[in-house]
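Undergrad: Need coordinates for the below:
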Amino acid sequence: MVRVEGRGSGAVPHATGALRRVFGSAWFIGLLATLATAVGSGVPSYWNDEAATLRLARLPVADMLAFVQEKDAVHVVYALLVHGWIAVFGESEVAVRAPSAIAVGVATAGVVVLVRELGQPRAAVVAAVVFVVLPRTSFNGTEARSYALTTALVTWAAVWALRAGRNRGAGRWTVFAVLTGLAAATFVYALLLVPAFVALALLHGRVDRRRLVALAVAVAAAVVIAAPVLVTAASQGSQVGWLAHQPVNAWTVLVEPFAEQAWWLAALLTTIVVVVGARRARRPWVAHRRTVLALALWLLLPGAVLVLGSLLVTPVYTPRYLSMSTPAAAVVVGLAVAGVRRTVAWVLLAAVVLAAAPALVTMRTPLGKPAGTDLRGIARTLQHEARPGDGFLLADGGTVSLRPRVALAAYPDAFAGLDDVAYRGSYRTTGSYSDRLVGTAALRDRLRSEQRVWLVVPDAGDRELRDALRATGFAPAHREHVAGAEITLWTR
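TA: Below you'll find the predicted structure:
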């Protein structure tokens, strides 16, 4: 008997294998990470830091480059990216935060590739999921700031450090140098990860003179790439004076950099690493001690340097500066979980996701950003209720992140057709993100020509502005409240 096989025999297994390759690819996983991060990203109002990003990014490139000579040189790379982005996609919260969500996806793909190239394929997806659900990752991915981009750059710099060290070739070292240089230009403290990159580059093979020279040249090239930003930023140290008010304690060093306020998640992750990792300490951890060293440098060195610097020299630490270490934290958890049975691994991963869920949901609420002031609520109230030609006064004193005037920077279109009574000159000339405002006497003179003025003050109030209105014949006619601010219409 002759067996006749149809032309399709073997096609199903081939198709199944192709699907596995697609759905298991690092970039497909990264795409899922971007989509998951972007969900709900448009719900929270902008906050002060994002308003600063927008004010810098809106400037013409020549003006931007002039501005950063005085302030925020460390943000110029990201601002240039956002400048081009908003020219195409606009300034909605979803659009402006989208590059950060994309960066999370790119970083996630890098985590998958890195773990697989470290010879731990079982840990790759676990590490990727842990990375995506870390509250710090999710916060960065839903914020118009540079931290997600920095994280993506350092993750891929780590991948290419490993590749360059494993396979000699100028091309790999060049990619590593460019990625490291861009990371440092985007966030200067990314240079603290160079020792971790060195450890990865020397992870495989013999440490010979040729490899050391190539590594040294690549690191030097990275510094040269970042040099314009590094040199300019060195003269702007006074702009981070606010770091003097940042607490440095066990919470801000061990919990907040990775888990934000979700201490229970930090406790769970620590337990997984300690308990599960201890079970496999005799074999994988010891057998891969070079890998452990590289991850330890990535995870611990930046925090150690910044904390010690703050305690012994000058304040340089805030928890979000350790965003660049989140991939290492995820990889450590992934390697620990990979050593247990598959069923147990899935249970542990599900527990991590569930533990992270409350924080991920909270940061996607209207007041999910720091400070708790609803800048969008302020802008919308005036946009919908003010009449063309009405004046407005937005309090601009006290803690920067609580100032109602930040709403004008975040949502300028909402104030179109209204009179900015206190305005004297643009922030472009102040060396800061605050406009020049008139003094009390000049303000009262201007108020005498107004008939209706909208006053927005923080919950703590602003007696000086109220006194100016009363002194020029105004009385409150209508009052509303949004989170963090009181909005009052004053009329004659």
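Undergrad: so how far is Val61 from Gly84?
TA: Separation of Gly84 from Val61 (CB to CB, to the nearest Å): 9 Å. Just so you know, the C-beta spots here come from the backbone N, C-alpha and C atoms, and that holds for glycine as well.
Undergrad: Could you do Tyr423 as well?
TA: For Tyr423 relative to Val61 (CB to CB), the value is 25 Å.
Undergrad: Name the residue in these two with the higher neighbour count.
TA: Neighbour count, other CB atoms under 10 Å: between Tyr423 and Val61, Tyr423 has more, with 16 against 11.
Undergrad: Wait, that one touches Ser434, no?
TA: No. Assessed by CB atoms under 8 Å, Tyr423 is found out of contact with Ser434, at 11.3 Å.
Undergrad: any weak-confidence spans in the stretch 251-400 of the chain?
TA: Scanning the stretch 251-400 of the chain with the threshold set as pLDDT under 70 gives 280-288.
Undergrad: how about the helices of it, start to end?
TA: Using DSSP state H, counting those that start in this stretch, the helices of the stretch 251-400 of the chain run over 256-259, 263-271, 277-279, 286-287, 289-312, 326-337, 342-362, 375-385.
Undergrad: Ok, which of those helices comes nearest Glu93?
TA: helix 375-385 (8.0 Å; CB to CB).
Undergrad: what's the distance between the closest one and the middle of its chain?
TA: A distance of 27 Å separates the centroid of the chain from that of helix 375-385, by CA atoms, centre = their mean, to the nearest Å.
Undergrad: Just the residues contacting that helix, thanks.
TA: Counting by CB atoms under 8 Å, 6 or more residues apart in numbering, helix 375-385 makes contact with 45-47, 51, 366, 392, 394, 404, 406-408, 410-411, 413-415, 418, 454, 456, 480, 482-483, 485, 487, 489, all of which sit outside it.
Undergrad: got the CA coordinates for it in CSV?
TA: What follows is helix 375-385, C-alpha atoms only, in CSV (Å, rounded to 0.1, in the frame of the first residue of the first chain):
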residue,chain,number,x,y,z
LEU,A,375,-4.2,71.9,36.0
ARG,A,376,-6.5,70.7,33.3
GLY,A,377,-9.5,71.4,35.5
ILE,A,378,-8.3,75.0,35.9
ALA,A,379,-7.8,75.4,32.1
ARG,A,380,-11.1,73.9,31.2
THR,A,381,-13.1,76.0,33.7
LEU,A,382,-11.7,79.2,32.2
GLN,A,383,-12.0,77.9,28.6
HIS,A,384,-15.7,77.1,29.1
GLU,A,385,-16.9,79.9,31.4
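Undergrad: What residues of it count as buried?
TA: Across helix 375-385, burial judged by 16 or more other CB atoms under 10 Å covers Leu375, Arg376, Gly377, Ile378, Ala379, Arg380, Thr381, Leu382.
Undergrad: what does stretch 405-425 give?
TA: Across stretch 405-425, burial judged by 16+ other CB under 10 Å covers 405-411, 414-415, 418-423.
Undergrad: Please, where are all the strands along the protein?
TA: Counting by DSSP state E, the chain has strands at residues 391-394, 419-420, 423-425, 436-437, 452-458, 475-482, 485-491.
Undergrad: ranking the ones you listed by burial, who's on top?
TA: strand 391-394 (a mean of 26; mean count of other CB atoms under 10 Å).
Undergrad: Looking at the buried residues of stretch 405-425, spot the one nearest Gln236.
TA: Distance to Gln236, by CB to CB, is smallest for Ala409 among those, at 20.1 Å.
Undergrad: OK, contacts around the nearest residue to the closest one once chain neighbours are set aside?
TA: The spatial neighbour of Ala409 that comes closest, neighbours along the chain excluded (CB to CB, 6 or more residues apart in numbering), is Ala51 at 4.0 Å. Residues in contact with Ala51 (CB under 8 Å, 6+ apart) are Leu375, Val406, Ala409, Ala410, Tyr433.
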